[in-house]
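A.B. asks: I need the structure of the sequence given here:
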Amino acid sequence: MALLRKTALFVGSDEGGEHLAMLLSMMATCQLHGVDPEPWLADVLIAVGEPGLTVEDLLPWNWRKGRGLNARPIYDTA
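C.D. replies: So this is what the prediction gives:
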């Protein structure tokens with residue numbers, strides 16, 4: 001917790017602090033539901049805007065059951 005306080009000192013602005021809080025909340029939600037945050041975030045950022053895809057499909061607990069099972073590694077070169 002002390003490390004987070006020190007990190008939060010250097011976010012630059014109130015808006016930066018809010019963005020950091022959102023990101024940390026998303027990462028904690030992923031961990032709570034047994035989802036690796038890095039592939040989830042990479043897939044969600046790529047998937048935003050796909051036709052027929054809803055926000056509910058991209059939530060970590062739904063993503064794990066659907067898209068997460070078929071998610072390719074982030075650095076897949078094939």
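
A.B. asks: W63: how many residues sit nearby?
C.D. replies: By the criterion of other C-beta atoms under 10 Å, W63 has 22 neighbours. In short, each C-beta sits where N, CA and C put it, glycine included.

A.B. asks: gap between it and Q31?
C.D. replies: Distance of W63 to Q31, computed by C-beta to C-beta, to the nearest Å: 14 Å.

A.B. asks: could you do M22 as well?
C.D. replies: 15 Å.

A.B. asks: and the next element down the chain from the helix-or-strand element of the chain with minimal mean pLDDT?
C.D. replies: Between all helices and strands in the chain, the lowest mean by mean pLDDT, DSSP states H and E belongs to helix 2-8, at a mean of 65. Sequence-wise, the next helix or strand beyond helix 2-8 is helix 14-32, with elements assigned using DSSP states H and E.

A.B. asks: what mean pLDDT does that next one get?
C.D. replies: Averaged across helix 14-32, the pLDDT comes to 88.
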